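Undergrad: sequence? don't have it. structure:
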């Protein structure tokens, strides 16, 4: 059996996921919390964006289950041993994407290397494009068989996606039919026609697009490098998929660092005023006066010095890279809580002057009770809106910081590291463009989906927008 490994970011990532599930369970029982999210669920844009975000989140969750793989015994009487390498459940599922490495660059869906090399033949050495070790290795004659094989694999992927999509539709129609007392076929037609309070047609259309892309890519990846390989022969699709977890960790775990300080200090500054307000304002004004990039660079350099001087404290390279990733989340949280704190301070300054808060204070209600019952529930929408809107900004921040070598560890797969490594590749002749395109494509889809979903959440949670409708 493999030995489980719980990295620090894994624990925090699953903690945040559990908090989201707990909040969802709480919102289902409270009408004032359930109503805004029902409005989000009725939005076509939000449903389509949620399907994309859910697919990214699934990859991130699978990539957060780590373990030491079990090694084969050295002999018939050898004991079970485990590798020092740390793998994830996602690494096991993708299989050959991780292990099938070529010699160097190869273009997407290619069968030969991207650059000419000396090839030994019957007539002597000659320059040409050598065959790849894994990409298209199953083809006897790549020049004539490659197109037909690609069409066949694409058709197989579409058929597999259709099968999975039909099964999901059958399950949803069966549940709807049991509740409504109607045949499953009729319920399926109603779902596809959108005859529901929710945009089910958009939901299943989005699921169809995602499933087709995933299944077709999986079938092609079984015989080719779909997005090519990099300088050391690593599959670019594998790098882009592994980078999803890094982007999600940066975008979500930073929230755990930012929220407590922002909510506590912002509410205290607006409610108590006086010297407490002056002290908190001085704190975040001073922090804002320091350039964020310089502060992050200084903190990361300090972390690098600590890691270099305490290498014995880390059992594997993965733990060292995970510590740097966690520290980057912490420093991004420290530098990004001030804007939310300022927003909460202004909102609480207004709330404390309202009649019901003044009445509670006049009756001698404790400050903690007033904050818990009357102030915090009325600023939750600001917190949620800010968190959702800041997610895409944090994902882009990781890419920028890694591009200037002050982001995640170089051994950590991230879109920023891919973009950083692609700088010199574009200057080659011929240019290697697929690493940069893959990183930008995956990051663009995630940020676009997050922004579209955030816009709908903002409109649904903002009480001023709800009252004007």
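TA: Structure received. Note that this is a predicted model, so its numbers are computed, not measured.
Undergrad: Which SSE is immediately downstream of whichever strand or helix holds residue 18?
TA: Taking DSSP states H and E as the criterion, residue 18 maps to helix 8-29. Using DSSP H and E, the next helix or strand after helix 8-29 towards the C-terminus is helix 31-41.
Undergrad: For the helix or strand following that next one, name the packing helices and strands.
TA: Using DSSP H and E, the helix or strand that follows helix 31-41 towards the C-terminus is helix 44-62. For helix 44-62, the elements it packs on are helix 8-29, helix 89-94, helix 200-221, helix 236-272, helix 434-461, judged by 3 or more Cβ pairs under 8 Å, 6 or more residues apart in numbering; DSSP states H and E. No exception for glycine: its C-beta is placed from N, CA and C like everyone else's.
Undergrad: With mean pLDDT as new columns, can the ones you listed be given to me in TSV?
TA: Shown next, in TSV, are these (pLDDT from 0 to 100):
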stretch	mean pLDDT
helix 8-29	85
helix 89-94	88
helix 200-221	93
helix 236-272	88
helix 434-461	88
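Undergrad: Pick the most deeply packed of those helices.
TA: Ranked by mean neighbour count, the helices and strands packed on helix 44-62 are led by helix 236-272 with a mean of 23 (mean count of other Cβ atoms under 10 Å).
Undergrad: what distance separates that helix from the middle of the whole chain?
TA: How far helix 236-272 lies from its chain's middle: 12 Å, per Cα atoms, centre = their mean, to the nearest Å.
Undergrad: Report the buried residues of the helix or strand that that helix is followed by.
TA: Heading C-terminal from helix 236-272, the first helix or strand you meet, by DSSP H and E, is helix 274-289. Buried residues in helix 274-289, defined by neighbour count with 16 or more other Cβ atoms under 10 Å: 277, 280, 284.
Undergrad: Could you do stretch 114-133 as well?
TA: 114, 115, 130, 132.
Undergrad: Just the ones of the residues you listed in helices?
TA: Taking DSSP state H as the definition of helices, these contribute nothing to them.
Undergrad: Same list (those residues) but as a markdown table, adding pLDDT and distance to residue 261.
TA: As requested, these are exported to a markdown table (pLDDT from 0 to 100; distance: Cβ to Cβ, whole Å):
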| residue | pLDDT | distance to residue 261 |
| --- | --- | --- |
| 114 | 85 | 49 |
| 115 | 80 | 51 |
| 130 | 84 | 56 |
| 132 | 86 | 51 |
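Undergrad: Among those, which one sits closest to residue 342?
TA: Minimum separation from residue 342 among the buried residues of stretch 114-133 (Cβ to Cβ) is found for residue 114, which lies at 50.9 Å.
Undergrad: The helix or strand where residue 304 lies: how far from the chain's middle?
TA: Per DSSP H and E, residue 304 falls inside helix 292-309. Distance, stretch centre to chain centre, for helix 292-309: 24 Å (Cα atoms, centre = their mean).
Undergrad: Enumerate every residue touching the residue nearest the centre of the chain.
TA: Nearest to the geometric centre of the chain sits residue 248, at 2.9 Å (Cα atoms, centre = their mean). By Cβ atoms under 8 Å, 6 or more residues apart in numbering, residue 248 lies in contact with 13, 56, 57, 60.
Undergrad: Look up the closest residue to the last one, ignoring the ones flanking it.
TA: Using Cβ to Cβ, 6 or more residues apart in numbering and skipping the chain neighbours, the partner closest in space to residue 60 is residue 248 (4.1 Å).
Undergrad: Any buried residues in the lengthiest helix in the chain, and which?
TA: Longest helix of the chain, by residue count under DSSP H: helix 142-180. In terms of neighbour count (16+ other Cβ under 10 Å), helix 142-180 has its buried residues at 142, 146, 149-150, 153-154, 156-157, 160-161, 164-165, 169, 172-173, 176-177.
Undergrad: ok so residue 429 is a strand residue?
TA: No. According to DSSP: H, G, I helix; E, B strand; the rest coil, residue 429 belongs to no strand; its state is coil.
Undergrad: That one: neighbour count?
TA: Residue crowding around residue 429 was assessed by other Cβ atoms under 10 Å; the count is 5.
Undergrad: where's it relative to residue 115, distance?
TA: 9 Å (Cβ to Cβ, to the nearest Å).
Undergrad: coming back round to it: so how far is residue 21 from the residue nearest to the centre of the chain?
TA: 16 Å.
Undergrad: Equivalent analysis for residue 416, please.
TA: In terms of Cβ to Cβ, residue 416 sits 30 Å off from residue 21.
Undergrad: what about the stretch 251-400 of the chain, any weak spots by pLDDT?
TA: Within the stretch 251-400 of the chain, the set of residues satisfying pLDDT under 70 comprises 315.
Undergrad: quick one, what contacts residue 57?
TA: Here residue 57 is in contact with residue 248 (Cβ under 8 Å, 6+ apart).
Undergrad: Repeat that for the one 5 residues further on.
TA: Contacts here follow Cβ under 8 Å, 6+ apart; on that basis residue 62 touches 88, 89, 90, 93.
Undergrad: Mind doing that once more with 10 Å?
TA: 88, 89, 90, 91, 92, 93, 94, 241, 244, 245 (Cβ atoms under 10 Å, 6 or more residues apart in numbering).
Undergrad: Next, count neighbours for the closest residue in space to the fourth one that isn't next to it in sequence.
TA: What that stands for is residue 91. Take residue 91 and drop its neighbours on the chain: the residue closest to it by Cβ to Cβ, 6+ apart is residue 98, 5.3 Å away. The number of residues packed near residue 98 is 17, by other Cβ under 10 Å.
Undergrad: Which strands and helices lie in contact with the helix or strand where residue 98 lies?
TA: Assessed by DSSP H and E, residue 98 sits inside helix 96-99. When contacts are defined as 3 or more Cβ pairs under 10 Å, 6 or more residues apart in numbering; DSSP states H and E, helix 96-99 sits against helix 89-94, helix 200-221, helix 236-272.
Undergrad: what sits up against the first one?
TA: Contacting residues not belonging to helix 89-94 are listed as 2, 58-67, 69, 85, 88, 97-99, 218, 221, 235, 237-238, 241-242, 244-245 [Cβ under 10 Å, 6+ apart].
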